[in-house]
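Sequence first, predicted model second:
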Amino acid sequence: MYNKVFVLDDGGETDLDLGNYERFLSVSLTKESNLSTGKIYQSVIEKERVGDYLGKTVQVVPHISDAIQEWILRVAKQPVSRFSKSAKDNSIDTDEPPEICIVELGGTLGDIESMPFVEALRQLQENLGYKNLSFCHVSLVPVMGSPPEQKTKPTQHSVKGMMSLGLRPDFLCCRGSAPLEPGTISKLSMFTSVPKGAVLSLHDVSNIYRVPLMMIEQNLHSMLLQRLRLGPFQKGVNYSNSDITDISESKVIQDWNKLADSVDEPESEVVIAVVGKYIEQGDAYLSVEKALTHASIATKQRLRLEYLEVSSLNPAEDLKHVDGVVVPGGFGSRGMEGKIATIQYCRESGTPFLGICLGMQAAVIEYSRNVLGIEKSNSAEFCSDLVKDEEDAIIFMPEGDTERMGGTMRLGARETVLKKDSISHRLYGKEKVMERHRHRYEVNPKLVPRLEEAGLQFVGRNTDTSGERMEVVELSEEKHPFFVAAQFHPEFTSRPELPNPLFLGLLQACKTIITSEKK
């Protein structure tokens, strides 16, 4: 499946939640950062098989709960700072272990699936000590009735359930449409034993980047400093009211304020079409959407996304009003001809275009058909009777396994060497880049000389044990305002304060055209 997958540097395939954490925290996580019941049970079973438990009966407690604790403590020490601005400026050591590890216990409290994890966290606090582990409980405070009234009962009951399992929340993060009223805060504090200052209102704001700023306004940073003893501890100080950590003037917070303001104060609007075949699946292209959002913030444009189903698309009619087009990845032949037609329209009309994974492969096929004149050019993924090294523009990777599909893709961060003076080299600002991959097929290197002679430039390449791979293709700016496609997935390395260069280049090209048309 293409949707609901986020790829990490080490090739780990996780859900989109972990991708959100990577983006927001500007870190680089590993596959071990995604802890599931299956992984834990598998590790315990493997230990039992080799005799680590000396024949003892394996039980949820202590063996499963111990394995969870060991996993958390191991991952908490792994460096994660590859993407931060400070790391880019070489002002921090990216090999330094983090000071704090954030653990999300997902799902709903009380679900049978999460019970071993709840018990493991209870034990972990006992083992680490009260000062080294803090619990934050996220709960909904709905508004009901007429006149509207904020209801605290759901949170009261969930905290009661939490405490019955041995966990006591230090902070309540209350979701809702409007700020918590003073009476609601008092009621929650009284019935949950959480101090009033530690009952945080996480209400709806103009954009998601204002949420951390809202938490700082409620002094969460100072309360955490006291709770986890991260700074000079002053006995008797009410940290919920006293801001002892003046971070409002720090560069990190100032930059984040500018980021949040940029979302609310755009200079212009840009319309981007995402042309794919998983449109009905909702969050299938969430990472692409986030990457486009990051680039629109950096270029001070209000992003208006249009998701277009490729199978029923008429490019000449459906794309004539958009400023730019993204053709994302996918698997299978359905909609492939629509993607090729979309790319042909973008190439011939001068519409800024970014292709990703299968989108790049479709761009190579389109150029082979309509410029080189190879009418039957296609991918070996979809056609088995193609003339070798003539019609097979896309071939199966030589080290791949056609019989065993699961887990046989080329996954994770791989190095791409960019050609100097290319658009991509200018955007990245360096010759070698690391981007994340997820594919089984690649461009046939035998056809590359003919394609380059016809004007399609392969400006990004990777050399590994199986030979040279084509990673980035583009048309020169003399031929097209912005026509770039990549075999890798640039959306996975985009960050709010560090948008991926390819998405940034797309939005910059769109803005340049929009600005010139208005003159």
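Here it is on my side, so go on.

Return the residue of this protein that is most distant from the centre.
G55 (42.8 Å; C-alpha atoms, centre = their mean).

how about that residue, what does it touch?
With C-beta atoms under 8 Å, 6 or more residues apart in numbering as the criterion, no residue contacts G55. To be clear about C-beta, it is placed using only N, CA and C from the backbone, and glycine gets the same treatment.

Give me the buried positions along stretch 14-27.
Going by neighbour count (16 or more other C-beta atoms under 10 Å), the buried part of stretch 14-27 is T14, L16, L18, G19, Y21, E22, R23, L25, S26, V27.

can you dump the C-alpha coordinates of that stretch into PDB?
This file holds the C-alpha atoms of stretch 14-27, laid out as PDB (Å, rounded to 0.1, in the frame of the first residue of the first chain):
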ATOM      1  CA  THR A  14       6.200   3.600   9.900                       C
ATOM      2  CA  ASP A  15       2.900   5.300  10.100                       C
ATOM      3  CA  LEU A  16       2.300   9.000   9.500                       C
ATOM      4  CA  ASP A  17       2.200   9.900  13.200                       C
ATOM      5  CA  LEU A  18       6.000   9.400  13.400                       C
ATOM      6  CA  GLY A  19       6.400  11.500  10.300                       C
ATOM      7  CA  ASN A  20       4.500  14.300  12.100                       C
ATOM      8  CA  TYR A  21       6.900  14.000  15.100                       C
ATOM      9  CA  GLU A  22       9.900  14.100  12.800                       C
ATOM     10  CA  ARG A  23       8.700  17.200  11.000                       C
ATOM     11  CA  PHE A  24       7.600  19.100  14.100                       C
ATOM     12  CA  LEU A  25      10.800  18.300  16.100                       C
ATOM     13  CA  SER A  26      13.100  18.600  13.100                       C
ATOM     14  CA  VAL A  27      14.800  15.300  14.000                       C
END
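
to the chain's geometric centre, what's the distance from it?
Chain-centre distance of stretch 14-27: 5 Å, with C-alpha atoms, centre = their mean, to the nearest Å.

residues in contact with it?
Contacts with stretch 14-27, where a contact means C-beta under 8 Å, 6+ apart, come from 4-8, 28-29, 31, 33-34, 80-85, 102, 104, 106, 283, 286-287, 290, 294, 492, 494-498.

So R469, which state does it fall into?
strand (DSSP: H, G, I helix; E, B strand; the rest coil).

Report the rounded mean pLDDT for stretch 65-81.
Averaging the model's pLDDT scores along stretch 65-81 yields 92.

Pull the residues that contact that stretch.
Taking C-beta under 8 Å, 6+ apart as the rule, stretch 65-81 contacts 25, 27-30, 32-33, 35, 39-40, 43-44, 47, 87, 92-98, 101, 103, 116-117, 119-120, 123-124, 127.

where in the stretch 301-450 of the chain is pLDDT low?
398-407 (pLDDT under 70).

Helices of that one, start to end?
Under the criterion DSSP state H, counting those that start in this stretch, the stretch 301-450 of the chain carries helices at the ranges 315-318, 336-349, 358-370, 423-428, 448-453.

Most tightly packed of the ones you listed?
Counting by mean count of other C-beta atoms under 10 Å, helix 358-370 has the highest mean neighbour count of those, with a mean of 25.

can you give me the angle it makes with helix 336-349?
Angle, helix 358-370 to helix 336-349, by axes from the mean of the first three to the mean of the last three C-alpha atoms, to 10 degrees: 70 degrees.

who's in contact with helix 358-370?
326-331, 336, 339-340, 343-344, 347, 353, 355, 374-375, 377-379, 393-394, 439, 441, 443, 447, 451, 454, 456, 470, 472-473, 483, 485-487.

quick one: contacts for L286?
Contacts for L286 (C-beta under 8 Å, 6+ apart) come out as L16, G19.

Torsion angles phi and psi at it?
L286 adopts backbone torsions of phi -60, psi -40, taken as degrees, to the nearest 10.

Buried among the contacts of stretch 65-81? Need that as a selection in PyMOL.
Applying 16+ other C-beta under 10 Å to these, the buried members can be selected in PyMOL as follows:
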select buried, resi 25+27+28+29+30+33+35+40+44+87+116+117+119+120+123+124
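
Helix or strand: which one has C173?
strand 171-176 (DSSP states H and E).

List the strands paired with that strand, with their directions.
The pairing partners recorded for strand 171-176 under DSSP bridges are strand 136-140 (parallel), strand 199-203 (parallel).

Tell me which helix or strand comes right after the last one.
So the one you mean is strand 199-203. Immediately after strand 199-203, counting by DSSP H and E, sits helix 211-217.

residues in contact with that next one?
With C-beta under 8 Å, 6+ apart as the test, helix 211-217 has contacts from L200, S201, L202, H203, V205, H221, I247, S248, I253, W256, N257, A260.

Against D264, how distant is the fourth one?
What it means is H203. 16 Å (C-beta to C-beta, to the nearest Å).

and if you look at the third one?
In this structure, L202 lies at 18 Å from D264, with C-beta to C-beta as the measure.

Now do the helices in the stretch 1-150 of the chain.
With helices called from DSSP H, counting those that start in this stretch, the stretch 1-150 of the chain shows them at 16-25, 37-49, 65-75, 85-88, 115-128.
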